[in-house]
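K.L.:
fold the following, please.
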Amino acid sequence: MAALAAATLPVAVINPRQVRDFAKATGQLAKTDRIDARVLALFGERVRPPVRPLPDDATRALEGVLTRRRQLLEMRTAESNRLAQLVGHGQRPVKQSLKKHIAYLERELAMTDTELGRMIRESPVWREREALLQSVPGIGPVVARTLLGELPELGQLNRRAIAKLVGVAPLNRDSGPWRGRRTIHSGRAPVRAVVYMAALVGSRCNPVIKAFYHRLLAAGKPKKVALIACMRKLLTILNHMLRTGQRWQTPPTLHPSNAR
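P.N.:
Numbering: from 1, shown residues only. Got it, this is the predicted structure:
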């Protein structure tokens with residue numbers, strides 16, 4: 001994608017599942033490089049997917065450090081699980097090896113967090129956006145930095161588009177008189193993971209999200225459904241704040257359901 005954009009060629013980034021479903025819909029079940037090339041060309045001609053603007057160098061660098069942080073966390077969790085499963089004195093050499101590796105991963109995580117903080121401080125725009133995000137109860141440094149690096153569209157799209165981009169928009173499954181259960185899927189998993197944690201914390205300490213959460217529970221909604229709705233509401237609030245530059249207020253001066 002970066003190479004094509006550098007060559008001033010328009011680039012559209014597509015979910016592979018969409019292209020594969022398109023191929024099946026045209027009756028093309030075989031799969032080779034040559035067939036894939038033809039299907040991609042036909043998909044581009046018929047569907048006309050939107051061109052994705054290339055993130056600037058600073059945003060790509062921030063995204064890279066965030067990705068590395070996730071990798072370090074996953075490795076630390078895996079090694080900690082292995083350590084917890086070891087029993088007996090005969091496992092001492094393996095335990096020592098695991099403890100050394102976990103300590104190394106902890107140091108790498110600390111350095112990664114320091115680097116993320118430095119990158120944010122050196123950018124006046126990011127400093128302001130991070131401050132706006134962290135003014136919301138339940139939003140901490142990790143959530144704010146993940147949103148900055150992996151959801152640069154926040155504040156530029158309407159509430160429905162941003163919810164769909166993250167993967168928290170309920171999708172209909174209706175046919176004639178039959179009404180199926182609304183579900184969510186796809187979207188940006190790393191962003192959805194941190195917004196989930198922010199909504200979980202917000203359901204306890206953020207007055208707006210907490211009241212919304214308990215109102216849904218009182219209406220008979222399952223806890224998981226209510227929490228997904230809180231994620232969507234929180235994204236709507238954050239989207240409006242970044243668009244307007246308005247810091248968090250309790251209650252907000254503009255109800256998030258009115259944000260477009």
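K.L.:
tell me how far Leu40 lies from Thr32.
P.N.:
Relative to Thr32, Leu40 is positioned 12 Å away (C-beta to C-beta, to the nearest Å). Placement of C-beta: from N, CA and C, glycine included.
K.L.:
between the two, who's got more neighbours?
P.N.:
Between Leu40 and Thr32, Leu40 has the larger neighbour count (other C-beta atoms under 10 Å), namely 15 against 8.
K.L.:
quick check: that one touching Val19?
P.N.:
Yes. Using C-beta atoms under 8 Å, Leu40 makes contact with Val19 at a distance of 6.3 Å.
K.L.:
mind listing the shared neighbours of those two?
P.N.:
The contact sets of Leu40 and Val19 do not overlap (C-beta atoms under 8 Å, 6 or more residues apart in numbering).
K.L.:
any idea how far the helix or strand Ala229 falls within is from the chain center?
P.N.:
Taking DSSP states H and E as the definition, one finds Ala229 inside helix 223-244. Helix 223-244 sits 13 Å away from the centroid of its parent chain (C-alpha atoms, centre = their mean, to the nearest Å).
K.L.:
and for stretch 208-224?
P.N.:
With C-alpha atoms, centre = their mean, you get 23 Å for stretch 208-224.
K.L.:
kindly tell me how buried Lys223 is, as a neighbour count.
P.N.:
Neighbour number of Lys223 under other C-beta under 10 Å is 11.
K.L.:
which pLDDT value goes with it?
P.N.:
Looking at Lys223, its pLDDT is 91.
K.L.:
what's the nearest residue to it if we skip its chain neighbours?
P.N.:
Leaving aside its sequence neighbours, Lys223 sits nearest to Leu217 (C-beta to C-beta, 6 or more residues apart in numbering; 6.8 Å).
K.L.:
cool, and Ala23?
P.N.:
Of all residues not flanking Ala23 in the chain, Val39 sits nearest, at 4.5 Å (C-beta to C-beta, 6+ apart).
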